[in-house]
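>>> Need the 3D shape of this:
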Amino acid sequence: MNAPIEPTSGHPSSFMLTAGLDVLDEWSSNAIQSQRNIVYRILFAIADKTAFSNYIVLGDILDHMEFFVLAKSDLVVKVRLEDFDSFGVLYVGPACTAPGLDLALSVPDSAEADDSGMWG
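Numbering: from 1, shown residues only. Here you go, the predicted structure:
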């Protein structure tokens, strides 16, 4: 299930979407085009490693390898870092049904990220 996504920055990236295409396909079958565009932009941003600077990103407090990317229109994308060069989509949909997002939102701001941008 490899789906290389070309980065929007124009620089080659070896960071690829390798899992969760079934989750993405299932969600996109009922989504409107503007929602699909937002989610695809998020996935490109993850692939070219600009998601943390371009979107609101919250770490999953139960699993340090997973994080949420919050988008317009009450959309959330939950991703798992598989290894140094791949990631997978775990969830796409409304914030109210995102698994674990309620816990991530309850973490005080000071605990979300340190000065280096790493989750701690």
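>>> Which parts of this protein are strands?
16-19, 56-59, 66-70, 75-83, 86-94 (DSSP state E).
>>> Pairing partners for the last one, with directions?
Spelled out, it's strand 86-94. If you go by DSSP bridges, strand 86-94 pairs up with strand 16-19 (parallel), strand 75-83 (antiparallel).
>>> in it, what counts as buried?
In terms of neighbour count (16 or more other Cβ atoms under 10 Å), strand 86-94 has its buried residues at 86, 87, 88, 89, 90, 91, 92, 93. Every C-beta, even on glycine, is put in place using the N, C-alpha and C of the backbone.
>>> Average pLDDT for it, rounded please.
Mean pLDDT, computed over strand 86-94, is 96.
>>> who's in contact with the closest residue to residue 94 other than its chain neighbours?
Excluding the flanking residues, the one nearest residue 94 by Cβ to Cβ, 6 or more residues apart in numbering is residue 74, at 5.2 Å. Residues near residue 74 by Cβ atoms under 8 Å, 6 or more residues apart in numbering: 94, 95, 96.
>>> Kindly indicate which of those residues lies nearest residue 59.
Checking these against residue 59 by Cβ to Cβ gives residue 95 as the nearest, at 15.6 Å.
>>> hang on, the closest one packs against residue 102?
No. Using Cβ atoms under 8 Å, residue 95 makes no contact with residue 102, being 9.0 Å away.
>>> just to revisit the earlier point, kindly reformat the strands of the chain as CSV containing distance to residue 29.
Output for these, formatted as CSV (distance: least, Cβ to Cβ, whole Å):
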stretch, distance to residue 29
strand 16-19, 18
strand 56-59, 26
strand 66-70, 21
strand 75-83, 15
strand 86-94, 11
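>>> May I have the residues that are in contact with residue 100?
60, 61, 62, 66, 68, 78.
>>> Next one, pLDDT for it please.
Residue 100 is given a pLDDT of 89.
>>> could you measure it against residue 19, distance?
18 Å (Cβ to Cβ, to the nearest Å).
>>> buried residues in the lengthiest helix in the chain?
In the chain, taking DSSP state H as the definition, the longest helix is helix 33-47. Neighbour counts over helix 33-47 (16+ other Cβ under 10 Å) mark 35, 38, 39, 42, 43, 44, 45, 46, 47 as buried.
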